[in-house]
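# Next comes the sequence, and after it the predicted model I'd like to discuss.
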Amino acid sequence: MAGSVDHWRDSKDYRSEYFKQNPGFFGILWFCSQCRKPLIGKSKVQVDHIVPPSRYSKKKYDRSGKLVKNNSVLARMLNTKLNLVACCEECNKKKSAKVGLVTVNGAVSKVGEVAAFGAYKVAIVGIALGIKGSYFVVTKGAKVLTKPFRSKQPLQVKLLVAAAYVGFVWYIFSRV
């Protein structure tokens, strides 16, 4: 069916892929990308696309009903881990296929999610190995957080990541 959501998605299994990449804190806790509400349990999490599939799908029908292929970068990354975030049911319904501030919120949340889960994984590994002191956790956490700056990305990407980190830290501390 041309207008169905299933038509836009190459992978209907993106939900389980999201949970493999983002197991949550202690396997049960995620945060909504829009309202930052804690979501306890996978049943409360709706996996949302930052960039809506309806806007940039690989296959679409034009106004005349003709099937058109889209090979853009956005179309190719729709169901990748980079475009998926946790969302509560209310925010997901409000967001629907909108773009704009909700897309920015999703992108900022994704940066925070990557940083938080990276630091969480490093902390768990440190605890599991029985390493005492916070030096290991801090140095490995810093390595995870600075990886985008050590890559061969253009300066604009590095500045965007830095701005997202600053925004995330500001958001967290403004809530305390």
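Everything's here; your move.
# so what does the biggest helix by length in the chain touch, helix or strand wise?
Among the segments of the chain that qualify as a helix by DSSP state H, the longest is helix 101-128. If you count contacts as 3 or more C-beta pairs under 8 Å, 6 or more residues apart in numbering; DSSP states H and E, helix 101-128 packs onto strand 84-87, helix 135-150, helix 155-175. (Glycine included, C-beta is placed from N, CA and C.)
# just checking, what packs against the longest one?
Packed against helix 155-175, as judged by 3+ C-beta pairs under 8 Å, 6+ apart, are the following elements: helix 101-128, helix 135-150.
# Which positions within the longest one qualify as buried?
Of the residues in helix 101-128, those buried by neighbour count under the rule 16 or more other C-beta atoms under 10 Å are 102-103, 105-120, 122-123, 126.
# tell me the angle of that helix relative to helix 155-175?
80 degrees (axes from the mean of the first three to the mean of the last three C-alpha atoms, to 10 degrees).
# ok now helix 101-128, how far from the chain's centre?
The chain centre lies 9 Å from the centre of helix 101-128; the measure is C-alpha atoms, centre = their mean, to the nearest Å.
# Now do the phi/psi pair for the most far-flung residue of the chain relative to its centre.
Note on the chain: the largest C-alpha distance from the chain mean falls to Ser64, namely 34.5 Å (C-alpha atoms, centre = their mean). Torsion angles at Ser64 (phi, psi; degrees, to the nearest 10) stand at phi -80, psi 0.
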